[in-house]
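In: Sequence plus the predicted model coming up.
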Amino acid sequence: MNADLAAVALSLVSAVAYAAAAVAQERLASRDLGAGLLRLLGSGAWWSAVGLNAGAALLHVVALKYGPLTVVQPLGALTLVAAVPMGARAAGRRVSPAEWRGTALTLLGLAALLVTASGPAPERALSLAQALAVAGATASLIGVLARPGARPGLRHATASGLTSGVASALTQTVTVAATGHSGAGPGIGVVVVALLVAVFATGGLLLSQTAYRGGLGAPLAVVTLANPVAAAVIGISLLGQGLRGGAAGVLLALAGAGLASWGVVLLTRVTPAAESAFKAEEDHPVAAVLALKPVTASLEPALVPRRSRSGRLTPL
């Protein structure tokens, strides 16, 4: 099996594992278990999601050994394909037409990006100074997007996607350096970058957990889009992993980005009515009681004793 096929196959399995983990995280968040870290640590379902994420990440690392960031990262969009129907099944509903359209457009756009970004196996790695600069800039951006008090939602999803994309770029640096492809060999710099990978990977996981409190489809779509964008920026600007096709390739990449963004917007607007109503009644029991008020009101006259023509009260 050549390097490209190995990268694609590993990325496919990784995407399915990430999708299963995302669905598990969203279900936890819907039960308010995402509100505190201590509650998460005491949940077996949370540790199952962590295990799935860890397995997916391991497969992703191996895929990065065989393929460049600009190829492996867009394949992560398959997470969205798997997660939308899996999430709908877990919620006991069907995937809506709008969700299918949003998913299809997102994938079509990312497929265009994948065609223009394909290339050989990676041989270059970030220097320690570059890795620290990327980590610092990303941390500052995340601080703005996920500042304390910010309402959980698409900003946290964007921060999660950027964090995961940077973690992948740093992971590829560790992989290339550790396998000797860069010619430098492992050193103290590789250890530092590996620690940064651990920090960013954990941060991305926690940020996504927060983002999924608002549902699965739209936050996962934003994570899926922000992740390859962040990795592609690093790959193109710092690792020499450019776009193919010259000016035509750039136009195709821009068109793909537009389609993917349109798909994300469609997914953002999706709110399954049945699931929302069920959740409202589950989270707010008073609403269920008030919903019975018209029925009770219609029965009230029947509960009042009627007065006959003779003036006597008659029972019901």
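Out: Looks like it arrived, so ask away.
In: what's the burial count for the residue nearest to Ala88 when sequence neighbours are not counted?
Out: The spatially closest residue to Ala88, leaving aside those adjacent along the chain, is Val95, at 4.6 Å (C-beta to C-beta, 6 or more residues apart in numbering). In short, each C-beta sits where N, CA and C put it, glycine included. Val95 has 17 neighbours, counted by other C-beta atoms under 10 Å.
In: did I read that right, Val95 in a helix?
Out: No - read with DSSP: H, G, I helix; E, B strand; the rest coil, Val95 is coil and lies in no helix.
In: surely it meets Pro85?
Out: Yes - with contact defined as C-beta atoms under 8 Å, Val95 counts as touching Pro85 (5.3 Å).
In: Tell me where the model's unsure across the stretch 101-250 of the chain.
Out: For the stretch 101-250 of the chain, applying pLDDT under 70 flags the ranges 117-123, 179-186, 242-243.
In: so how far is Leu59 from Val72?
Out: Here Val72 is placed at a distance of 10 Å from Leu59 (C-beta to C-beta, to the nearest Å).
In: how about the helices in the stretch 101-250 of the chain?
Out: Along the stretch 101-250 of the chain, counting by DSSP state H, counting those that start in this stretch, helices occupy 128-145, 154-178, 188-211, 217-238, 246-268.
In: So which bits of the shortest one are buried?
Out: For helix 128-145, the neighbour count (16 or more other C-beta atoms under 10 Å) marks 130-131, 134-135, 138, 141-142, 145 as buried.
In: re the thing from before, got phi/psi on the residue nearest to Ala88?
Out: Dihedral pair for Val95: phi -70, psi 130, per degrees, to the nearest 10.
In: ok, it - contacts?
Out: The neighbourhood of Val95, defined by C-beta atoms under 8 Å, 6 or more residues apart in numbering, consists of 84-85, 88.
In: doesn't Leu69 make contact with Ser168?
Out: Yes - counting by C-beta under 8 Å, Ser168 does reach Leu69; the two are 6.4 Å apart.
In: Show me whatever sits in contact with both of these two.
Out: With C-beta under 8 Å, 6+ apart as the test, Ser168 and Leu69 both reach Ala231.
In: where's Ala230 relative to Ala9, distance?
Out: As judged by C-beta to C-beta, Ala230 and Ala9 stand 24 Å apart.
In: Which one's more surrounded, the two?
Out: Ala230 (25 against 15).
In: so who does the more buried one touch?
Out: The contact partners of Ala230, by C-beta under 8 Å, 6+ apart, come to 138, 161-162, 164-166, 169.
In: 10 Å instead, please
Out: Shown here is Ala230, whose contacts under the criterion C-beta atoms under 10 Å, 6 or more residues apart in numbering are 69, 73, 134, 138, 141, 158, 161-169.
In: How far away from the center of its chain is stretch 93-101?
Out: 18 Å (C-alpha atoms, centre = their mean, to the nearest Å).
In: So what would you say the end-to-end distance of it is?
Out: Taking C-alpha to C-alpha, to the nearest Å, stretch 93-101 runs 17 Å from one end to the other.
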